[in-house]
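[1] sequence and predicted structure are below.
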Amino acid sequence: LGSIKPTNKQKQKSKSKRFSFNTSYQLLLQLLPNSITYNMSCDVGLWGLAVMGQNFALNMAEHGFKVCVGNRSPQKVTATVERAQKEGDLPLVGSTGPQDFCAQLSKPRKIIILVQAGKPVDETIAKLSEFCEEGDVIVDGGNEWYPNTIRRGEELAQKGIYFVGMGISGGEEGARNGPSLMPGGPKEAYD
C-alpha cells in the first residue's frame, strides 16, 4: 500500500472524513464497503464487557486465544480493543453487533456471555442465538440461579445449541490473571 498514491480528488475527500481512533465502530462501519467478508478466525467470543468481561477476554487473549468481543455499547468494545493493544498487541478484535460478532467466530462457535444475571442473560442469548447454528456452544459466565440455567439449556437444546453454566470466581483480578471456573453442562459441549 505504500506505493499507491492518492489522487487530488481522493485527498480532498479524505480531508472531510477525518476521525480519531476513538471513533465508535458504528461510524467506522459507515465508512467501510458494504460487502465485508469474514474469515471466521476467532477461537472464542466474549459478549459483555463490564469489569469481569473485559478482564476475562484479555486473559484468554494473553494465553494465545484469538478473541472477538462484543457489547451493546460500542464504546466498551473500542476501549477493550485499545486496552488489548496497549497490553502487548493481544489477539483480540471488536465487533459491531451480534451478527458481526457471531460471523467472526470459527465453527462450532464458542461464545461466553458475561452480563447481569436474570433478564439480561435471556435477552443476550436471544440476540446471539439468532446467528448461531446447531453444534455451537453458549457459556453463561455469570452467577445465575440454577433453575434458569437448566431452563436455558433445555430451550437452546431444541435448536441444537449447547448451553453451559460457568460461574467465574476471583473478581476483577482473578478474571484478568487466573479465575476459578466452575462449568456445568452437557458432555457434548466439552467434546
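    Perfect, thanks for sending it. Please read all numbers here as calculations on a predicted model, not as lab measurements.

[2] hey, let's count contacts and neighbours off CA atoms from now on
    Noted.

[3] the closest residue to Gly160 other than its chain neighbours: what's it in contact with?
    Spatial nearest neighbour of Gly160, excluding adjacent residues (C-alpha to C-alpha, 6 or more residues apart in numbering): Glu134 at 4.4 Å. With contacts defined as C-alpha atoms under 8 Å, 6 or more residues apart in numbering, the neighbours of Glu134 are 159-161.

[4] element containing Glu134, please.
    Using DSSP states H and E, Glu134 sits within no helix or strand.

[5] buried subset of the contacts of Glu134?
    Burial by neighbour count, 16 or more other C-alpha atoms under 10 Å: within the contacts of Glu134 this picks out Ile161.

[6] now the contacts of Glu134 as JSON lines including distance to Ala175, secondary structure and pLDDT?
    Formatted as JSON lines, the contacts of Glu134 follow (distance: C-alpha to C-alpha, whole Å; DSSP: H, G, I helix; E, B strand; the rest coil; pLDDT from 0 to 100):
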{"residue": "Lys159", "distance to Ala175": "30", "secondary structure": "coil", "pLDDT": "96"}
{"residue": "Gly160", "distance to Ala175": "29", "secondary structure": "coil", "pLDDT": "97"}
{"residue": "Ile161", "distance to Ala175": "26", "secondary structure": "coil", "pLDDT": "98"}
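
[7] got phi/psi on the residue most central in space within the chain?
    What sits nearest the mean C-alpha location of the chain, by C-alpha atoms, centre = their mean, is Val69, with 2.6 Å. Note on Val69: its backbone torsions stand at phi -110, psi 150 [degrees, to the nearest 10].
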